[in-house]
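Trainee: What shape does this take:
(one chain, ligands or ions: 1)
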Amino acid sequence: MVVLIDDTTLRDGEQTAGVVFSNEEKVQIARMLNEIGVHQIEAGIPAMGGDEMEAIKSIIALGLKSSIITWNRPVISDIDCSLECGTKAVALSISASDIHIQYKLRQSREWVLQSVKKATKYAKSHDLYVSVNAEDASRADPDFLIQFARVAKDAGADRLRFCDTVGVFEPFRTHEAICRLIEEAHIDIEMHTHNDFGMATANALAGIRAGAKWVNTTVNGLGERAGNASLAEVVMALKHIEKIDAGIDTTRLRELSLYVAEASMRPLPVSQAIIGDNIFAHESGIHADGVLKHPPTYEAFSPEEVGLERQIMVGKHSGSHTILFKFAREFGIELPEDIAREILARARAMALRRKRALFDKELVLIYQEVCKERGLELPPVGMPGSGHN
Ligand code: MN
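Mentor: Numbering: from 1, shown residues only. Take a look at the predicted model:
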């Protein structure tokens, strides 16, 4: 089964309230997405003109392996702006739900269908690849959505983007809706899911299981409000849960996430799924012991796979096995059991006082203190200089 990734960090991702990328950053993000093997990059909105158009032109000029798609309203002038940028693929976005048609567009369903038809035909007459985006598809009348998809297909659209614009679907309903669309409209589907109820990735996966070929992602799950489905989550969940290889070089996911976190000025939460600082940090005695004996006991995949490293932390929940391990492997000291137990007791107390795990330096200081009290000679400590363990 083939799943193609269309990453929209540069379009929906940048639409995150308060986020703006410089043109250099947009180009760099596009390069990195291309290098890791993303199939298509939604580069922006040409009709915005100015810097946005310049950035899109620069990205297209790179001649990347990834296809570049640009976002448009289904109007001729927008498509002309896309053509001016030199794109070969366009997303034509129009609302499919009555709430949008009535209150936002103040138009009729018939007007929507005519717009889809006209814009798609125009784009196809210029040899563009066309994704018709059914905005707010999850809240559309399902029968109208089928009609919408058929009109798009008949006008020549290459695929339909199913947008759960306000993130109100869940995986079961998503699966049902996508199965029906494919069965009745016979068109390639792309999932575009939002995380308002924390289900963006789950819904994207449900759509793929129902037969969607494309999935829209953003790095770090950036995007309007609660964001879109995260690239790292979708790729790794496909690989490990669905056993589908999307052909992405996952070893650079962490690097890409850090770059986008900085460019978007949205720091990564430590517990960010897949690529956060804490994903391979183990503190509790039972977990650390299990991981040290056999990593898969408490890890869903290996850290190297996403560009992370395993960390064994010493804190309130540590066990003496962790102390023995850390001193032997990281500091080159074989501790007697009673000294390890004493260090553990003091380390736990310190963690509680300081409300955090211990730095390596603090552990070594505790060790030196214990040796001194017991009148033991201080052996040289081959510990790492500073910083968090
Ligand atoms: Mn969106």
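Trainee: so what's the residue positioned nearest the centre of the chain closest to, chain neighbours aside?
Mentor: Centroid check for the chain by Cα atoms, centre = their mean gives residue 230 as the closest residue, at 2.0 Å. Spatial nearest neighbour of residue 230, excluding adjacent residues (Cβ to Cβ, 6 or more residues apart in numbering): residue 221 at 3.6 Å. For the C-beta atoms, the positions are set from N, CA and C on the backbone; glycine is no exception.
Trainee: how about the strands in the stretch 101-250 of the chain?
Mentor: For the stretch 101-250 of the chain, the strands defined by DSSP state E, counting those that start in this stretch occupy 129-135, 159-164, 188-193, 214-217.
Trainee: could I get those as a markdown table with mean pLDDT, mean neighbour count and distance to residue 16?
Mentor: Shown next, in a markdown table, are these (pLDDT from 0 to 100; neighbours: other Cβ atoms under 10 Å; distance: least, Cβ to Cβ, whole Å):
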| stretch | mean pLDDT | mean neighbour count | distance to residue 16 |
| --- | --- | --- | --- |
| strand 129-135 | 98 | 25 | 18 |
| strand 159-164 | 98 | 27 | 16 |
| strand 188-193 | 98 | 26 | 15 |
| strand 214-217 | 98 | 28 | 14 |
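Trainee: export those strands to CSV and tack on distance to residue 33?
Mentor: As requested, the strands of the stretch 101-250 of the chain are exported to CSV (distance: least, Cβ to Cβ, whole Å):
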stretch, distance to residue 33
strand 129-135, 17
strand 159-164, 18
strand 188-193, 16
strand 214-217, 10
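Trainee: Local confidence estimate at the nearest residue to residue 148 once chain neighbours are set aside?
Mentor: Leaving aside its chain neighbours, residue 148 sits nearest to residue 96 (5.1 Å; criterion: Cβ to Cβ, 6+ apart). Predicted confidence (pLDDT) for residue 96: 98.
Trainee: wait, what's in contact with residue 96?
Mentor: Going by Cβ atoms under 8 Å, 6 or more residues apart in numbering, residue 96 touches 112, 134, 135, 136, 137, 140, 144, 145, 148.
Trainee: which phi and psi does the nearest residue to the second one once chain neighbours are set aside have?
Mentor: The shortest distance from residue 134 to any residue that is not its chain neighbour, by Cβ to Cβ, 6+ apart, is 4.1 Å, and that residue is residue 96. With angles defined as degrees, to the nearest 10, residue 96 sits at phi -110, psi -10.
Trainee: This structure - how does it break down into domains?
Mentor: What automatic domain parsing lists as the domains of the chain is 4-264, 281-373.
Trainee: Can you give the distance from the shortest one to the centre of its chain?
Mentor: What separates the centre of domain 281-373 from the centre of its chain is 31 Å, taken as Cα atoms, centre = their mean, to the nearest Å.
Trainee: now that domain: mean pLDDT?
Mentor: Domain 281-373 carries an average pLDDT of 94.
Trainee: Now do the contacts for residue 318.
Mentor: By Cβ under 8 Å, 6+ apart, the residues touching residue 318 are 283, 284, 285, 288, 344, 347, 348, 351.
Trainee: Residue 360 touches residue 329, doesn't it?
Mentor: No. Using Cβ atoms under 8 Å, residue 360 is not in contact with residue 329; the gap is 12.0 Å.
Trainee: Mind checking which of these two has more residues around it?
Mentor: residue 360 (20 against 11; other Cβ atoms under 10 Å).
Trainee: how much space is there between residue 277 and residue 235?
Mentor: 19 Å (Cβ to Cβ, to the nearest Å).
Trainee: Tell me which of those two has more neighbours.
Mentor: residue 235 (27 against 15).
Trainee: For the closest residue to that one other than its chain neighbours, give me phi and psi.
Mentor: Nearest residue to residue 235, sequence neighbours excluded (Cβ to Cβ, 6+ apart): residue 248, at 4.8 Å. Main-chain dihedrals, residue 248, degrees, to the nearest 10: phi -100, psi 140.
Trainee: check contacts around residue 270.
Mentor: Taking Cβ under 8 Å, 6+ apart, one finds 276, 277, 278 in contact with residue 270.
Trainee: Throw these into CSV and include pLDDT and distance to residue 27, thanks.
Mentor: CSV is the format used below for the contacts of residue 270 (pLDDT from 0 to 100; distance: Cβ to Cβ, whole Å):
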residue, pLDDT, distance to residue 27
276, 96, 27
277, 94, 28
278, 94, 31
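Trainee: would you list these in CSV and tack on secondary structure and distance to residue 23?
Mentor: Listed next are the contacts of residue 270 as CSV, based on DSSP: H, G, I helix; E, B strand; the rest coil; distance: Cβ to Cβ, whole Å:
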residue, secondary structure, distance to residue 23
276, coil, 29
277, helix, 30
278, helix, 33
